[in-house]
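sequence first, predicted model second:
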Amino acid sequence: MPETIEMNASAAENRYRTLLDVSTVIASQPNLSAVLHSLRKLLSSVVIFDSVSVFLLTKSGTRLRLLAFDRNPEVPALELGAEANISGTTVGRAISEQRAQLIPEVEHELAHIPEWRSSGSVSTPHSAYVFPLSTPGRRLGAIVFTKSSEFSGDDVELMTSVSSHVAIALASAVASDDSARYLRQIADDRDRFRLLLEINNHVVSKLEIGELFSSAAASIRNYFGHDFTGFWVLDKEARKLQCTVLDFPERSQSQGKPILEIAERDFERIRPRRPELWSAGDFERLPAPLVSSLKADDIASLALAPLTTANGSLGIIAMGAKASRAFGQEDLDLLSQIGSQIALAVDNALAYGRLTASKDRIEEERLYLETEIRSEFNFEEIVGNSPALRKVLEQIAIVANTDATVLLHGETGTGKELIARAIHGNSQRRSRTFVRLNCAAIPSGLVESELFGHEKGAFTGALMQKRGRFEVADHGTLFLDEIGDITLDLQPKLLRALQEKEFERLGSARTIQVDVRLIAATHRDLPEMIRKNQFREDLFYRLNVFPIEIPPLRERREDIPLLVHYFVTRLSSRMQKCIKTVPKKALDAIASAPWPGNIRQLENFIERCVILSTGEELNVPLSELNQASEGLLAARSTLMETERQAIVQALRNTSGKVAGTTGAAQRLGVKRTTLQNKIRRLNITREDYKSQN
C-alpha cells in the first residue's frame with residue numbers, strides 16, 4: 001500500500017512537471033507547429049498518443065481550418081489549411097458545449113468530413129479526444145489527440161490542462177497574426193493611396209498625353225514591380241487604336257512613340273468592357289505584332305482595364321508580367337481606379353487638343369484673311385508721294401508706337417480707314433485685332449450694344465449674350481469712323497470707357513476692364529457741333545490728343561497719276577483684262593478734275609473706265625468728266641463768290657477787325673483761324689474791304 005501511494009505521488013509529480021515544461025515550451029516556440037512537435041515529445045513520458053492537431057474557427061464560426069498537425073510516422077498525414085463544416089460533428093459539439101468529447105473511432109468520424117480525410121489508411125483503429133480551445137472572451141477552435149488505445153482519466157485531465165495552455169498560445173498567435181495582417185493592410189493601403197496620389201499629380205501637371213502616360217507607367221511599375229505597361233488611345237476620327245506608350249523596363253529605353261496602330265474593328269474585338277485578367281492563351285485576341293512583342297519579352301499574364309468616360313471608350317491600360325497568374329483581383333481593382341483617373345485626364349487632354357487645334361486654325365484663318373485683305377486693298381502701302389501726303393505719313397510714324405488717341409479729320413473718301421490701319425500696322429499692337437465700327441451705318445439705338453455688348457434678355461431681341469467691339473478689341477485697336485454721329489446720350493459712356501478703360505454691358509452690372517487704343521475719324525466740324533450742343537466738349541478733348549488732317553485729293557494732285565495706274569493695274573487684273581497704257585490727254589484731264597468725292601470717287605471712275613475698255617488702252621469718257629467738272633466748278637464759283645462777298649461785308653462792318661467779340665469772326669459765327677484761312681484762300685486783301693470807307 002505505501003508503495004502504491006508513493007507511485008501515485010511520483011506520477012502526479014511527473015504530470016505537474018510536464019505541465020510546467022509545457023508552459024515553458026509554449027512560451028519559447030516560434031509557432032504552433034513547433035509547439036505541437038514539442039508537446040508530443042514532452043507528453044510522451046506521461047501520456048501515450050499518436051498525433052495532435054489544432055483547428056481554428058473561421059470568421060463565420062461554422063467552419064474549422066486545420067492550422068497545425070504533428071504525428072508519428074505511421075499515422076497518415078492531413079492537409080494543412082483544409083477547411084470543413086463542423087455542423088453535426090463531434091468536433092463541433094465539443095466547441096459548442098465547451099467540454100471535451102471522445103471520438104471512439106476516428107476513421108468513422110472522418111468519413112463524414114471528406115475535407116479532412118487522410119491520404120493513407122490506418123492499420124489499427126484510433127480513438128481521439130477533442131478539447132475546445134477558448135479564452136474568456138473568444139472561442140478559438142479545438143485541439144485533438146489521437147491514440148490506438150483508450151485514454152485514462154488522468155490522461156484526459158492532463159490534456160485538459162495542456163489545452164488551456166495551448167489556447168493561450170493560440171490566442172496570442174491569432175492576435176499577433178491579426179496585428180501583422182492589419183499592419184500589412186495599412187502598409188498596402190498607404191502604398192495604394194500613394195500610387196493614386198502620384199497618378200493624380202501626373203493628371204494635374206501633364207497636359208500632353210504621351211508625357212502623362214510615360215510618368216504614369218513609371219509610377220505603376222514602381223508599385224507593382226511588373227514587366228510591362230502599355231497605353232492605347234482610340235482615335236475615333238482616324239478609326240484607329242494608337243499605341244502611345246509601350247514600356248518594357250528591362251529594355252534599354254521605353255518606347256514612348258506610337259509603334260502599333262490597329263483598326264477600330266480590331267479594337268472592338270480586343271478591348272475589355274470591364275477590367276480583366278488574361279493568361280497567355282488569351283493573347284491570340286491581340287494583333288500579331290503585339291503578340292510577338294509580348295512573347296519576345298516572355299510576358300505570360302496581363303491585367304487590362306478600359307479607359308472610359310461619359311463620352312465613351314477612350315482606350316486601354318494594360319500591365320503584364322512574366323509569371324503566370326501574377327495579378328489578383330485587388331491588383332485589377334487598383335488598375336481600374338488608375339484607369340478611371342487617367343481616362344478623365346485623357347478626355348480633358350483630347351478636349352484641350354481640339355480647342356487648341358481649333359484656336360490655331362482660327363488664328364491661321366485670321367492671318368490668311370488679313371493677308372488677303374492687305375493684298376487686295378493694299379492697306380499698308382499708301383499710294384502717293386505729294387508733300388501733303390508725306391506730312392501725314394510723318395505724323396503716322398510719330399504717333400504709331402504710342403498708345404495716344406488719334407483723331408482723323410478729312411472729307412469723305414480721303415482714306416481715313418486706310419490711315420487708321422496704317423497707324424495700327426506700325427504700332428506695338430499690330431499682332432492683335434483691328435476692330436472698326438462705322439457709327440453712321442448703325443441705327444443710333446444699336447450703337448451702344450455694338451460698342452459695349454449686351455446680356456441675354458437685356459432688350460427685346462437680345463436672344464443671347466454678345467461681346468461688344470471694345471471687348472473684341474482688347475489689347476488691340478478700335479477704329480470709330482464717323483464719330484460725330486454718336487448721340488449725346490451715349491457720349492458720356494464712351495468718354496468713361498476711354499478715360500477709365502472700363503464699362504458695363506447692357507443689362508449687366510459687372511464692370512469689364514479693357515486695354516484698347518482708340519482711333520476716331522470724322523468729316524464733320526466737331527468744334528462747330530460743340531457750339532451747337534451736338535457734341536460734348538470733354539469728349540472732344542479726349543479724342544483730340546493727336547489730330548491728323550487728311551488732305552483731300554485736290555490738294556495732292558501729284559498723286560493722281562500714281563493712283564490711276566494703281567487702280568488700273570488692280571482692277572484690270574481682277575476683271576482679267578490686259579490694259580497697259582493710259583492716254584496722256586485722259587490722264588491730264590483726270591488729274592485736273594476736282595474730285596469732290598476724293599479717292600473713292602476716283603476709284604469708282606477708274607473702275608467704270610476699265611469696264612468700258614476693250615483693248616490695251618484705258619477708255620476714259622472725257623465728255624462725262626468735263627461735264628461733271630464744269631458743273632462743279634460753276635457751283636463752286638457761285639458758292640465761293642457768295643462766301644467772299646459775306647466775308648468782305650463783315651470786314652467792312654468791323655473796320656477790318658477779325659478777332660474779339662466785335663470782330664468779323666464773331667459776326668460770321670466761325671473761329672478766328674478759320675476766317676483767316678478763308679481770307680487767304682479767297683485772296684481777300686485790305687483794299688477789298690477799305691475801298692468804300
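That came in fine, so what should we check first?

from I590, how far off is the nearest residue to K580 once chain neighbours are set aside?
What sits nearest to K580 in space, not counting adjacent residues and going by CB to CB, 6 or more residues apart in numbering, is E616, at 4.6 Å. For glycine as for every other residue, the C-beta is placed from the backbone atoms N, C-alpha and C. In this view, E616 and I590 are 18 Å apart by CB to CB, to the nearest Å.

looking at the two, which has the bigger crowd around it?
Using other CB atoms under 10 Å as the criterion, E616 and I590 rank with I590 on top: 23 against 11.

what's T135 sitting at in phi/psi?
phi -120, psi 170 (degrees, to the nearest 10).

now do the closest residue to it other than its chain neighbours, the pLDDT please.
Leaving aside its sequence neighbours, T135 sits nearest to A171 (CB to CB, 6+ apart; 4.9 Å). A171 carries a pLDDT value of 76.

which secondary structure element is home to A171?
helix 153-205 (DSSP states H and E).

follow-up on the earlier one: how far away is the residue nearest to T135 from R99?
19 Å.

out of the two, which sits in the busier spot?
Neighbours per residue, other CB under 10 Å: of A171 and R99, the larger number sits with A171, 17 against 12.

what does stretch 459-476 rub up against?
By CB atoms under 8 Å, 6 or more residues apart in numbering, the surrounding residues in contact with stretch 459-476 are 424, 429, 432-435, 437, 449-456, 478, 497, 503, 505-507, 512, 514-517.

which of those fall within helices?
Filtering the contacts of stretch 459-476 for membership in helices, criterion DSSP state H, returns 424, 449-452, 497.

from these, which is closest to E198?
Within these, distances to E198 taken as CB to CB reach their minimum at F452, with 48.6 Å.

burial check on that closest one, number of neighbours?
24.

just the pLDDT at it, thanks.
pLDDT at F452 comes out at 89.

what about it, distance to F479?
Counting by CB to CB - F452 and F479 are separated by 16 Å.

the residue nearest to K580 reaches S572, doesn't it?
No - proximity of E616 to S572 does not meet the contact threshold set by CB atoms under 8 Å, at 9.7 Å.

shared neighbours of those two, anything?
With CB under 8 Å, 6+ apart, E616 and S572 have common neighbours 578-579.

name the residue closest to the centre of this protein, please.
Y352 (4.5 Å; CA atoms, centre = their mean).

just checking, that residue is part of a helix?
Yes - under DSSP: H, G, I helix; E, B strand; the rest coil, Y352 falls within a helix.

what's the pLDDT at it?
At Y352, the pLDDT recorded in the model is 71.

kindly report the same for A217.
pLDDT, A217: 80.

how about the one 10 residues further on?
Reading off the confidence values, D227 has pLDDT 78.

quick one: it and L294 touch, right?
No - in this structure D227 lies outside contact range of L294 using CB under 8 Å: 9.8 Å.

find residues that contact each of the two.
With CB under 8 Å, 6+ apart as the test, D227 and L294 both reach G320.

quick check: which ranges of the stretch 1-150 of the chain have low pLDDT?
Applying pLDDT under 70 to the stretch 1-150 of the chain flags the ranges 1-47, 74-77, 117-124.

and for the stretch 551-693 of the chain?
626-639, 691-693.

50 instead?
631-635, 691-693 (pLDDT under 50).

which stretches of the stretch 351-500 of the chain form helices?
Assigned by DSSP state H, counting those that start in this stretch, the helices in the stretch 351-500 of the chain fall at 387-399, 416-425, 444-452, 469-472, 491-500.

nearest to R139, out of these?
Among those, helix 469-472 sits nearest to R139 (CB to CB), with 77.9 Å.

domains of this protein?
2-178, 206-353, 378-551, 632-693 (automatic domain parsing).

before we move on, which element is the nearest residue to T308 once chain neighbours are set aside in?
Counting by CB to CB, 6+ apart, T308 lies nearest to A343, which is 5.8 Å off, once chain neighbours are set aside. Per DSSP H and E: A343 is located in helix 329-377.

can you check W232 too?
Assigned by DSSP H and E, W232 falls in strand 228-235.

so what does that strand touch, helix or strand wise?
Applying 3 or more CB pairs under 8 Å, 6 or more residues apart in numbering; DSSP states H and E, one finds that strand 228-235 contacts helix 209-224, strand 240-247, helix 264-270, strand 312-321.

before we move on, the earlier item: Serialize the domains of the chain to JSON lines and add fields for distance to K577.
Putting these into JSON lines (distance: least, CB to CB, whole Å) gives the following:
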{"stretch": "domain 2-178", "distance to K577": "98"}
{"stretch": "domain 206-353", "distance to K577": "46"}
{"stretch": "domain 378-551", "distance to K577": "19"}
{"stretch": "domain 632-693", "distance to K577": "30"}
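
so for R600, which of those domains sits nearest?
domain 378-551 (3.4 Å).

mind checking how far that closest one is from the chain centre?
From the chain centre to the centre of domain 378-551 is a distance of 36 Å (CA atoms, centre = their mean, to the nearest Å).

likewise stretch 302-313?
With CA atoms, centre = their mean, you get 20 Å for stretch 302-313.

in it, which residues are buried?
Residues 302-308, 313 are the ones in stretch 302-313 that count as buried (16 or more other CB atoms under 10 Å).

now stretch 406-421
406-411, 413-421.

for N85, state which of those residues is nearest.
Using CB to CB, the buried residues of stretch 406-421 come closest to N85 at R421, 92.7 Å.

was I right about that closest one contacting T433?
No - with contact defined as CB under 8 Å, R421 does not reach T433; the gap is 12.0 Å.

give me the helices and strands touching the helix holding A171, please.
helix 2-28, helix 32-43, strand 51-57, strand 127-135, strand 138-147, helix 209-224, helix 329-377.

from the helices of the stretch 351-500 of the chain, which stretch is densest packed?
helix 416-425 (a mean of 22; mean count of other CB atoms under 10 Å).

that one - contacts with which helices or strands?
helix 387-399, strand 406-409, strand 434-438, strand 477-481, strand 517-522.

which residues touch that helix?
Residues contacting helix 416-425 (CB under 8 Å, 6+ apart): 377, 379-380, 382, 392, 396, 399-400, 406, 408, 410, 430, 434, 436, 476-477, 479, 481, 517, 519, 521, 548, 550.

for that helix, give the mean pLDDT please.
91.

show residues contacting stretch 669-683.
With CB under 8 Å, 6+ apart, stretch 669-683 has contacts from 527, 531, 640, 643-644, 647, 658-659, 663-665, 668.

out of the residues you listed, which is most surrounded?
Top of these by neighbour count (other CB under 10 Å): A664, with 26 neighbours.

and the residue lying closest to that residue once chain neighbours are set aside, how many neighbours?
Leaving out its chain neighbours, the residue that sits closest to A664 by CB to CB, 6+ apart is A650, at 4.0 Å. Counted with other CB under 10 Å, the neighbours of A650 add up to 20.

can you list the low-confidence ranges for the stretch 251-400 of the chain?
252-259, 375-380.
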